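Asks: just a sequence and a predicted model for now, questions to come.
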Amino acid sequence: MKYSAAENASRPAPDDVLAEIAGYVLDYNIESDEAFQTARCCLMDTLGCGLLALKYPACTKLLGPVVPGTTVPNGARAPGTSFVLDPVTAAFNIGTLVRWLDFNDTWLAAEWGHPSDNLGAILAVADYSTRNAEREMRSFTMRDILTAMIKAHEIQGILALENSFNRVGLDHVLLVRIASTAVATQLLGGTREQIINAVSNAWLDGGALRTYRHAPNTGSRKSWAAGDATARAVQHALMAVKGEMGYPSALSAPKWGFSDVLFRGQPIKLARPFGSYVMENVLFKISFPAEFHAQTAVEAAIKLYQNYFSEHGCVEDQPQQTQATGSAAAGLHHSRAPLKTLDQIERVEMHTHESALRIIDKTGPLHNPADRDHCLQYMTAIGLIFGALTADHYENATAADPRIDALRAKMVVREDPRYTREYLEPDKRAIANAVQIFFLDSSATEKVEVEYPVGHRRRRAEGIPLLVKKFQANAETCYPPERVAKILALFEDVKRLEQMAVDEFVETFLP
């Protein structure tokens with residue numbers, strides 16, 4: 001007779017990663033002025049992205065309460081809408097708005113992601129709690145929101161440094177759920193044990209598959225997946241503070257833990273201690289609503305458009321190429337090349353990095369806006385044809401232009417090993433692309449190389465004024481200019497902003 005070995009039922013100590021996350025959100029004091037300054041810019045930009053998304057019915061049809069017409073007493077609000085919601089649904093609404101157009105911030109490492117997605121959970125919980133402070137809930141100021149943003153960015157970004165969930169087919173919104181769960185539980189007054197319990201449950205949820213981000217299945221779920229993650233995070237937080245149990249070896253349990261089941265047996269690693277590194281180094285999408293690995297390719301394409309295809313020449317308010325790259329683009333503004341036409345193009349050569357090849361290198365038909373904003377060739381073609389790239393360029397009306405697919409068919413995309421290497425180097429974190437056009441008459445343009453997009457930390461001084469203009473343009477799709485000016489004045493008054501109650505701040509964004 002054979003006997004199976006009984007499993008040891010002794011409850012282990014919490015996994016180190018769970019304990020580190022709980023200790024960080026409870027005890028770490030953010031002292032970096034740069035982190036808070038960047039967080040204020042990030043808050044402004046993230047809300048602006050959400051306001052712009054209200055233009056698109058494909059987004060707004062998903063918003064509101066689960067049961068139409070429901071109003072929650074003292075409920076949380078989704079900026080730009082009139083809905084009054086429970087905090088779980090509010091997190092979904094806010095998270096979906098800010099992510100819809102792929103225009104909010106970005107973090108690129110072994111795993112990719114958009115740390116400002118966490119604002120869905122943070123703002124929903126803090127707003128709801130502040131509106132219900134008389135019921136023994138906590139009241140928050142905007143300084144608390146900025147602190148929570150810095151910590152959520154840090155948790156998501158540090159977990160992303162050396163843990164590549166995409167290589168096992170899992171979507172990066174897993175990290176949004178982890179980070180949002182941690183900070184939401186802390187905002188709700190959770191103890192160390194309750195935070196560990198909540199975060200362990202967030203890991204036990206596993207991860208959404210990346211299927212909806214890749215051909216041939218690319219679709220709009222990629223625009224609401226982060227909202228879904230923040231809503232689930234708030235649910236975990238609310239359950240934890242009511243005493244719901246956790247699972248201390250959720251990551252490391254042999255056979256049944258996250259690592260063995262979903263991560264090929266690899267442990268979850270923390271590449272560096274938690275601090276404020278991620279917020280300080282986060283990437284802003286300033287120029288284009290495009291998947292971040294393509295930002296520099298579009299910038300290069302627009303430079304070529306200005307120099308070879310536009311009758312008006314270089315556009316003065318665009319970033320100067322020499323600020324973005326090295327000698328390859330030097331002298332680009334010194335002389336004007338003879339005008340060319342698109343039908344004179346023989347081929348377009350693009351050099352990029354390995355992550356871009358894996359995510360956005362696509363040929364063949366593109367079926368919807370979500371497909372198009374994750375296609376390197378489509379985005380570059382738009383830049384070469386129109387000299388700009390906006391969210392409207394992904395819609396069917398523009399996509400029907402036959403010049404786009406004709407130009408895509410002439411594109412050759414190759415990896416540059418240096419770009420791939422410097423993409424992961426901590427002191428660089430470049431996101432380089434280069435574009436060069438060859439014409440039928442055997443002439444060619446210069447190879448325009450852009451290593452750092454305007455939203456990179458290395459280009460902060462150049463980028464922040466453009467980020468303010470981006471917010472102004474986005475907000476003016478919802479509000480008159482004089483109201484937008486008042487909101488901008490609030491962001492410029494640091495003391496007033498940080499001391500403002502969260503519910504009062506949210507009210508400034510209601511219709």
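Replies: The structure has been received and is ready for your questions.

Asks: every contact and neighbour count from this point should use C-alpha atoms.
Replies: Will do.

Asks: so for stretch 361-376, first residue to last residue, what's the gap.
Replies: Length of stretch 361-376, first residue to last, C-alpha to C-alpha, to the nearest Å: 6 Å.

Asks: which residues in the stretch 351-500 of the chain form helices?
Replies: 354-360, 369-372, 376-386, 396-399, 402-408, 417-424, 460-475, 481-492, 494-499 (DSSP state H, counting those that start in this stretch).

Asks: pull out the buried residues from the fifth one.
Replies: Neighbour-count burial for helix 402-408, counted by 16 or more other C-alpha atoms under 10 Å, picks out 404-405, 407-408.

Asks: rebuild those residues as TSV, extending it with distance to residue 216.
Replies: Formatted as TSV, the buried residues of helix 402-408 follow (distance: C-alpha to C-alpha, whole Å):
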residue	distance to residue 216
404	19
405	17
407	21
408	17
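
Asks: from what I can see residue 351 touches residue 434, true?
Replies: Yes - under the criterion of C-alpha atoms under 8 Å, residue 351 makes contact with residue 434 at 5.1 Å.

Asks: these two - which one has more neighbours?
Replies: The neighbour comparison of residue 351 against residue 434 (other C-alpha atoms under 10 Å) goes to residue 434, with 26 against 22.

Asks: pLDDT wise, what is the more buried one at?
Replies: Per-residue confidence (pLDDT) for residue 434: 98.

Asks: try residue 11
Replies: Each residue has a pLDDT score; the one for residue 11 is 89.

Asks: nearest residue to it in space, please, no chain neighbours.
Replies: In space, and not counting its chain neighbours, residue 11 is closest to residue 248: 7.6 Å by C-alpha to C-alpha, 6 or more residues apart in numbering.

Asks: wait, the one you found sits on residue 14?
Replies: Yes - under the criterion of C-alpha under 8 Å, residue 248 makes contact with residue 14 at 4.0 Å.

Asks: helices of the stretch 201-350 of the chain, residue ranges please.
Replies: Counting by DSSP H, counting those that start in this stretch, the helices of the stretch 201-350 of the chain are 221-241, 258-262, 277-281, 295-304.

Asks: which residues does the second one contact?
Replies: Outside of helix 258-262, the residues that reach it under the criterion C-alpha atoms under 8 Å, 6 or more residues apart in numbering are 168, 203-204, 206, 250-255, 265-268.

Asks: among the residues you listed, who's most crowded?
Replies: Ranked by neighbours (other C-alpha under 10 Å), the contacts of helix 258-262 are led by residue 251, which has 26 neighbours.

Asks: can you tell me which of the contacts of helix 258-262 is nearest residue 364?
Replies: The shortest approach to residue 364 among the contacts of helix 258-262 belongs to residue 168, at 25.3 Å (C-alpha to C-alpha).

Asks: how close does that closest one get to residue 245?
Replies: Residue 168 is 28 Å from residue 245, by C-alpha to C-alpha.

Asks: same check, this time on residue 121
Replies: In terms of C-alpha to C-alpha, residue 121 sits 21 Å off from residue 245.

Asks: ok, those two, which is more surrounded?
Replies: More crowded of residue 121 and residue 245, by other C-alpha under 10 Å: residue 121, with 35 against 16.

Asks: which helix or which strand is home to the more buried one?
Replies: Using DSSP states H and E, residue 121 falls within helix 119-131.

Asks: still on that earlier bit, and of the helices of the stretch 351-500 of the chain, who's closest to residue 197?
Replies: Here helix 494-499 is closest among the helices of the stretch 351-500 of the chain (C-alpha to C-alpha), at 30.6 Å.

Asks: packing partners of that closest one?
Replies: Packing partners of helix 494-499 (3 or more C-alpha pairs under 8 Å, 6 or more residues apart in numbering; DSSP states H and E): helix 142-162, helix 481-492.

Asks: now the helix or strand following the first one: buried residues?
Replies: The reference is to helix 142-162. Going down the chain from helix 142-162, the next helix or strand is helix 173-187, by DSSP H and E. For helix 173-187, the neighbour count (16+ other C-alpha under 10 Å) marks 173-187 as buried.

Asks: do stretch 440-450 as well
Replies: 447-450.

Asks: so who does residue 237 touch?
Replies: 181-182, 184-185, 188, 195, 198.

Asks: sorry, back to before: so which of the helices of the stretch 351-500 of the chain is the most packed in?
Replies: Highest mean neighbour count of these: helix 376-386, a mean of 25 (counted as mean count of other C-alpha atoms under 10 Å).

Asks: toward the C-terminus, what is the element adjacent to the helix or strand containing residue 43?
Replies: Assessed by DSSP H and E, residue 43 sits inside helix 33-53. Next helix or strand after helix 33-53 toward the C-terminus (DSSP H and E): helix 57-60.

Asks: give the rounded mean pLDDT of the very next helix or strand once past that following helix.
Replies: Tracing the chain past helix 57-60, the next element assigned as helix or strand by DSSP H and E is strand 76-77. On average, the pLDDT along strand 76-77 is 98.

Asks: any buried residues in stretch 194-213, and which?
Replies: In stretch 194-213, counting by 16+ other C-alpha under 10 Å, buried: 194-204, 207, 209-213.

Asks: returning to what we had before: adding pLDDT, write the buried residues of helix 402-408 out as CSV.
Replies: Shown next, in CSV, are those (pLDDT from 0 to 100):
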residue, pLDDT
404, 98
405, 97
407, 98
408, 98
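
Asks: for these, which two are the farthest from each other?
Replies: The widest separation within the buried residues of helix 402-408 (C-alpha to C-alpha) is 6.2 Å, between 404 and 408.

Asks: where do the contact lists of those two overlap?
Replies: Residues touching both residue 404 and residue 408 by C-alpha under 8 Å, 6+ apart: 378, 381.

Asks: pull the CA coordinates from stretch 254-267 and hand them back as CSV.
Replies: The C-alpha trace of stretch 254-267 is given here as CSV (Å, rounded to 0.1, in the frame of the first residue of the first chain):
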residue,chain,number,x,y,z
PRO,A,254,5.1,25.1,-3.3
LYS,A,255,2.8,23.9,-6.1
TRP,A,256,-0.1,26.2,-5.3
GLY,A,257,1.6,29.7,-4.9
PHE,A,258,1.8,32.4,-7.5
SER,A,259,5.4,31.7,-8.4
ASP,A,260,4.9,28.0,-9.1
VAL,A,261,1.5,28.2,-10.8
LEU,A,262,2.0,31.3,-13.0
PHE,A,263,5.7,32.4,-12.9
ARG,A,264,7.5,29.3,-14.0
GLY,A,265,8.8,28.7,-10.4
GLN,A,266,10.7,32.0,-10.3
PRO,A,267,10.5,34.1,-7.1
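
Asks: and the gap between the spatially most central residue of the chain and residue 219?
Replies: Nearest to the mean C-alpha position of the chain, counting by C-alpha atoms, centre = their mean, stands residue 114 at 2.3 Å. Residue 114 is 18 Å from residue 219, where distance means C-alpha to C-alpha.

Asks: swap in residue 119?
Replies: Where residue 219 is concerned, residue 119 sits at a distance of 23 Å (C-alpha to C-alpha).

Asks: higher neighbour count, those two?
Replies: residue 119 (28 against 19).

Asks: is the more buried one in contact with residue 93, as I believe?
Replies: No - applying C-alpha under 8 Å as the test, residue 119 and residue 93 come out as separate, 10.8 Å apart.

Asks: so how far is residue 16 from the residue nearest to residue 128 when sequence neighbours are not counted?
Replies: Leaving out its chain neighbours, the residue that sits closest to residue 128 by C-alpha to C-alpha, 6+ apart is residue 76, at 4.6 Å. Counting by C-alpha to C-alpha, the gap from residue 76 to residue 16 is 34 Å.
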